[in-house]
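In: quick one: sequence plus predicted model below, questions after.
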Amino acid sequence: DTAVSQTPKYLVTQMGNDKSIKCEQNLGHDTMYWYKQDSKKFLKIMFSYNNKELIINETVPNRFSPKSPDKAHLNLHINSLELGDSAVYFCASRRSQTGDNEQFFGPGTRLTVL
Amino acid sequence: DQQVKQNSPSLSVQEGRISILNCDYTNSMFDYFLWYKKYPAEGPTFLISISSIKDKNEDGRFTVFLNKSAKHLSLHIVPSQPGDSAVYFCALNSGNTPLVFGKGTRLSVIA
């Protein structure tokens, strides 16, 4: 019973391509996030959604477009991929925006842009 | 500008001894403090947390200490076991903000 799942786990693609990463949580949580772990190993917040509404966009280039078709899903679309987009992307969820501060993470998607 | 710092990128400890992982922060608005553990090719998993109204929280072999005046957080693992070998992240937030993570410390417990 996977709480937060992501697909694919690995993604290798050429510069300039467009790709998507999918995330699903079966915890009934209201809030979902995308984090990026770059080569320096920092886990940085990219986006935060609450009840399908975008609440945080941490100065991410507009080539990145999250989409939340429902509360259980938060997908990440990336257009015109660049070398610097190579990283591990983690999806996470939380029961609500406030309280219950624990976030549950997916297994990560390792994106390699060639 | 790093709000959360884990200044030791790695730590090696003998099995059975105590592991102490440290975390420093700059923003006094943080009021909830968590430790996450991460194995290779997996996502971070929650380990233990503490709120700003406490200075210690214990769960089995794991104890988290919070020194608000020093803006310092630590995780003690005793006794350390080989299965504890992983990367440990401290993560902090306040209210409805997302977690802000440190860079992580890689713990190696040597049998």
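Out: Alright, I've got the coordinates.
In: show me the contacts for the residue of chain B found nearest chain A.
Out: For chain B, the residue closest to chain A is B:G43, as judged by Cβ to the nearest Cβ, at 3.4 Å. Backbone N, C-alpha and C define where each C-beta goes, glycine included. Counting by Cβ atoms under 8 Å, 6 or more residues apart in numbering or on different chains, B:G43 touches A:V4, A:F90, A:A92, A:F105, A:G106, A:P107, A:G108.
In: one more pass at 10 Å, please.
Out: Listed by Cβ atoms under 10 Å, 6 or more residues apart in numbering or on different chains, the contact partners of B:G43 are A:3-4, A:6, A:35, A:37, A:88, A:90-92, A:103-108, B:36.
In: B:S51: which of those is nearest?
Out: Using Cβ to Cβ, A:Q103 comes nearest to B:S51 of those, at 15.5 Å.
In: quick check: that closest one touching B:T97?
Out: No. Using Cβ atoms under 10 Å as the test, A:Q103 is too far from B:T97 to be in contact (11.3 Å).
In: give me the more crowded residue out of those two.
Out: Ranked by neighbour count (other Cβ atoms under 10 Å in any protein chain shown), A:Q103 and B:T97 place A:Q103 first, with 25 against 17.
In: roughly how far does the closest residue in space to A:L114 that isn't next to it in sequence sit from chain B?
Out: Using Cβ to Cβ, 6 or more residues apart in numbering or on different chains and skipping residues adjacent in sequence, the residue nearest A:L114 is A:Q14, 5.6 Å away. For A:Q14, the distance to chain B equals 24 Å [Cβ to the nearest Cβ, to the nearest Å].
In: isn't A:Q14 right up against A:D85?
Out: No. If you go by Cβ under 10 Å, A:Q14 and A:D85 don't touch, sitting 11.7 Å apart.
In: give me the common contacts of those two.
Out: Joint contacts of A:Q14 and A:D85 (Cβ under 10 Å, 6+ apart) are A:V113.
In: between the two, which one's more packed in?
Out: Legend: neighbour count by other Cβ under 10 Å for A:Q14 and A:D85, higher for A:D85 (20 against 8).
In: identify the residues contacting the closest residue to the more buried one other than its chain neighbours.
Out: Spatial nearest neighbour of A:D85, excluding adjacent residues (Cβ to Cβ, 6+ apart): A:V113 at 5.3 Å. Neighbouring residues of A:V113 by Cβ under 10 Å, 6+ apart: A:11-17, A:19, A:78, A:81-87.
In: pull up the pairing partners for the least confident helix or strand in chain B by mean pLDDT, direction included.
Out: Every helix and strand of chain B was ranked by mean pLDDT, DSSP states H and E. The lowest is strand B:100-101, at a mean of 90. Its sheet considered, strand B:100-101 pairs with strand B:86-93 (antiparallel) by DSSP bridges.
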